[in-house]
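[1] need coordinates for the below:
(2 chains)
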There are 2 protein chains.
Amino acid sequence: MSPKVAHNHVRLPQDLPLESGQVLPRPAIGFETLGRLNADRSNAILICHALTGDQYVASPHPVTGKPGWWTRMVGPGLPIDPERHFIICSNVIGGCMGSEGPASPHPVDGAPWALRFPVITIADMVRAQAGLLDSLGVETLLAVVGGSMGGMQALQWAASYPGRVRSVLVIASAARHSAQNIAFHEVGRQAIMADPKWKGGAYGAGEGPAKGLAVARMAAHITYLSEAGLTAKFGRHLQQGNAKSFGFDADFQIESYLRHQGMSFVDRFDANAYLYITRALDYFDLAEDYGGQLAQAFAATEARFCVISFDTDWLYPTAESKRIVQALVAAGRHASFVELTSPFGHDAFLLDTPGLNEVVDGFLKAVERTA
Amino acid sequence: MSPKVAHNHVRLPQDLPLESGQVLPRPAIGFETLGRLNADRSNAILICHALTGDQYVASPHPVTGKPGWWTRMVGPGLPIDPERHFIICSNVIGGCMGSEGPASPHPVDGAPWALRFPVITIADMVRAQAGLLDSLGVETLLAVVGGSMGGMQALQWAASYPGRVRSVLVIASAARHSAQNIAFHEVGRQAIMADPKWKGGAYGAGEGPAKGLAVARMAAHITYLSEAGLTAKFGRHLQQGNAKSFGFDADFQIESYLRHQGMSFVDRFDANAYLYITRALDYFDLAEDYGGQLAQAFAATEARFCVISFDTDWLYPTAESKRIVQALVAAGRHASFVELTSPFGHDAFLLDTPGLNEVVDGFLKAVERTA
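    Numbering: from 1, shown residues only, chains lettered A, B, ... in the order given. Next up is the predicted model:
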């Protein structure tokens, strides 16, 4: 669990109704902005983060000190440019980086919400973001942009607030969680809940189920990569030359890499937040509220869409992107689809992927020209 | 961990040297046979089991009471036929079904070996099987047959005992463990070791790391299936009609299925055995002892080979089978290769897969004709 750090945030002026029927009383929303809103308020871009992402898109992470997670895409001279755009990114509700989540103090007793926090959905996350935009004086978005879970939020924006988005950019994402997606998340949740330090969610700050959370992260991390990428990067290379230890230490480089991924994740993430956000992902099926007709979710918006997938992404494979595009076109939307080649699997959206920046840049500039 | 049941077994008359340089003192080998060895001792088939398999190929499992794991393939009138063949299957060393493993009593102090058990390899498993065959009076095998880890043992047989095998049948397998294969196993091992009940391996009988082992099994189980198969079988079906619980119980059918897989596995398998056998798999790279030239592993045998893969198997994908076949042909071996279509992923070798029995039957009968 992340140490206490101060995140820039607002508290929404009203309670947030949730899909479950519950209400989140005046939730805090942690967020960062870059650039300035222009005079006609037409240059705002909302970036939606992925499962373990946060609002630190292009500014240093306050816990790890590492650069923002999308500095390849966001920055001066880059496709999403603070000199041209007013860039907003908020921590999702249910998260642990300044937005109301299970580690936040409960408004009545001040103890962490823990499992008293209501189960939230992608639509709830988006409703909270809309509240943030209201408080920032942003009515309409030039673009809503997201990769992975961020792409789901972007799709949900078009469905929930069809008039507030001029364009939607969906990268390495899906309009629903598949059985396999749910299965991997369930393994992670069970790993957390199996850790006796989880204590039904009621662990103290800094005393959470670190080992269980690390295992959850390790399992998930494999799904973010590709077999070919793993083979290219690690193969069967041993840590120590050619010597197998004939023991259970990390003999192979892939083992110590995964262990590191698990352990370093624990330093920056709350285990209960991981439960809640994975649950929101598993519940996501955009067509569900539209009688199973995905196209109906896009019937009310005039937004332009760009959908990008990566050929080695097996978490949200190209077929899921094509399904989105098919529904968009069936709904009469202007939808571009690009499958990019990358050895990096799902993580390609965060990495140097040839063509990605060019596609995003071209799409956003075209939307700006049609203002 | 499996309750104590009596398994048919022999104790090898001599100590077993291991790849690690250690020696296993006169190990017990649990085994089952079906059919009878014929007069010229030419009808013996060794079946090698997979990671969590055992010697109960076509006889009821003594712990679960379930039918043998390969009753679709082994039985009267089936491709491997006790009326025609002398069928042998032994529990691998390192296992927990009657062969010497970490849960076996240490020869000196009688307490479980636990982590004092030496790390073993696929070649060590095969060396133990050769000892069993010696004790059964079987010099030459009509066929060595295996799926998954069993296929690795079958390949290792051809390399280690080139003159003792007339044919080798390798199903849904690979000649090495990939980085992704190792990664998934490492997640499982870490899940077990993260469970405080593991106690460095020194848990008492019936008091093992059940939760950690269940998580390990859940993660592995996903790799045995295919995304398409999961979608077809479970999709996003809920347990209770259309009602999401907005909680962390098993809402989706895939969740309760996985939880059941994890929990029922714990009843029949020892956590330390899982550590040792996954380690043996990760260490497997048949080419390694031959200067990285896989073909050299097959240079000394005259055996005929049949290699079968399944198109939806992403654990040991078709590409790995093709790599084996390429090496076999380069070594001048008679090698047939068949890729079968199945929605069931890796598990297809255990299930009703059209064409599988016909291919195995045709191959084995051809070998028998060339006796």
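
[2] dump stretch A:6-14 to CSV, restricted to CA.
    Provided in CSV are the C-alpha atoms of stretch A:6-14 (Å, rounded to 0.1, in the frame of the first residue of the first chain):
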residue,chain,number,x,y,z
ALA,A,6,-0.7,14.5,-0.8
HIS,A,7,-2.5,14.3,-4.1
ASN,A,8,-4.1,17.3,-5.8
HIS,A,9,-7.8,16.7,-5.5
VAL,A,10,-11.3,18.1,-5.4
ARG,A,11,-14.3,16.8,-3.4
LEU,A,12,-17.4,16.6,-5.6
PRO,A,13,-20.1,19.1,-4.5
GLN,A,14,-22.7,16.3,-4.5
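
[3] residues touching it, excluding its own?
    With contact meaning CB atoms under 8 Å, 6 or more residues apart in numbering or on different chains, stretch A:6-14 is reached by A:26-32, A:55, A:62, A:91, A:97-99, A:128, A:131-132, A:135. Using the backbone N, CA and C atoms, a C-beta is placed for each residue, glycine as well.

[4] quick one: the helices in chain A, in order.
    Using DSSP state H, the helices of chain A run over A:122-136, A:149-160, A:179-194, A:210-224, A:227-233, A:253-266, A:271-283, A:294-297, A:318-330, A:356-369.

[5] in a markdown table: the ones you listed, plus mean pLDDT, distance to chain B and mean neighbour count.
    Formatted as a markdown table, these follow (pLDDT from 0 to 100; distance: least, CB to the nearest CB, whole Å; neighbours: other CB atoms under 10 Å in any protein chain shown):
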| stretch | mean pLDDT | distance to chain B | mean neighbour count |
| --- | --- | --- | --- |
| helix A:122-136 | 98 | 11 | 21 |
| helix A:149-160 | 98 | 14 | 27 |
| helix A:179-194 | 98 | 4 | 25 |
| helix A:210-224 | 98 | 4 | 26 |
| helix A:227-233 | 94 | 4 | 18 |
| helix A:253-266 | 96 | 5 | 20 |
| helix A:271-283 | 98 | 6 | 26 |
| helix A:294-297 | 98 | 13 | 20 |
| helix A:318-330 | 98 | 9 | 19 |
| helix A:356-369 | 97 | 24 | 17 |
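
[6] need these in CSV (columns: distance to residue B:329).
    Shown next, in CSV, are those (distance: least, CB to CB, whole Å):
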stretch, distance to residue B:329
helix A:122-136, 51
helix A:149-160, 45
helix A:179-194, 35
helix A:210-224, 33
helix A:227-233, 23
helix A:253-266, 30
helix A:271-283, 46
helix A:294-297, 48
helix A:318-330, 34
helix A:356-369, 41
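
[7] so for residue B:178, which of those sits nearest?
    Nearest to residue B:178 among the helices of chain A is helix A:227-233 (5.9 Å), distances taken as CB to CB.

[8] for the closest one, C-alpha coordinates in CSV please.
    What follows is helix A:227-233 as a C-alpha-only set of coordinates in CSV (Å, rounded to 0.1, in the frame of the first residue of the first chain):
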residue,chain,number,x,y,z
GLU,A,227,5.1,-15.0,-25.5
ALA,A,228,7.3,-13.8,-28.3
GLY,A,229,8.3,-10.7,-26.4
LEU,A,230,9.1,-12.8,-23.3
THR,A,231,11.2,-15.2,-25.4
ALA,A,232,13.0,-12.3,-27.1
LYS,A,233,13.7,-10.5,-23.8
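
[9] residue A:210 touches residue A:197, doesn't it?
    Yes. Counting by CB atoms under 8 Å, residue A:210 touches residue A:197, with 7.1 Å between them.

[10] what's the burial count for the closest residue to residue A:320 other than its chain neighbours?
    Spatially, and ignoring its direct neighbours in sequence, residue A:320 is nearest to residue A:174 (3.8 Å; CB to CB, 6 or more residues apart in numbering or on different chains). Residues lying near residue A:174 (other CB atoms under 10 Å in any protein chain shown) number 27.

[11] isn't residue A:174 up against residue A:314?
    No. Residue A:174 is beyond contact range of residue A:314, at 11.7 Å (criterion: CB under 8 Å).

[12] so what's the closest residue to residue A:296 other than its chain neighbours up against?
    Among residues not flanking residue A:296 along the chain, residue A:290 sits closest, at 3.6 Å (CB to CB, 6+ apart). By CB under 8 Å, 6+ apart, the contact list for residue A:290 reads A:159, A:296, A:297.

[13] ditto for residue A:124
    A:16, A:18, A:19, A:24, A:93, A:280.

[14] of those residues, which is the most crowded?
    Within these, neighbour counts (other CB under 10 Å) peak at residue A:93, which reaches 31 neighbours.

[15] list phi and psi for it.
    phi -60, psi 150 (degrees, to the nearest 10).

[16] could you measure it against residue A:145, distance?
    According to CB to CB, to the nearest Å, residue A:93 and residue A:145 sit 19 Å apart.

[17] ok, residue A:111 next?
    Here residue A:111 is placed at a distance of 36 Å from residue A:145 (CB to CB).
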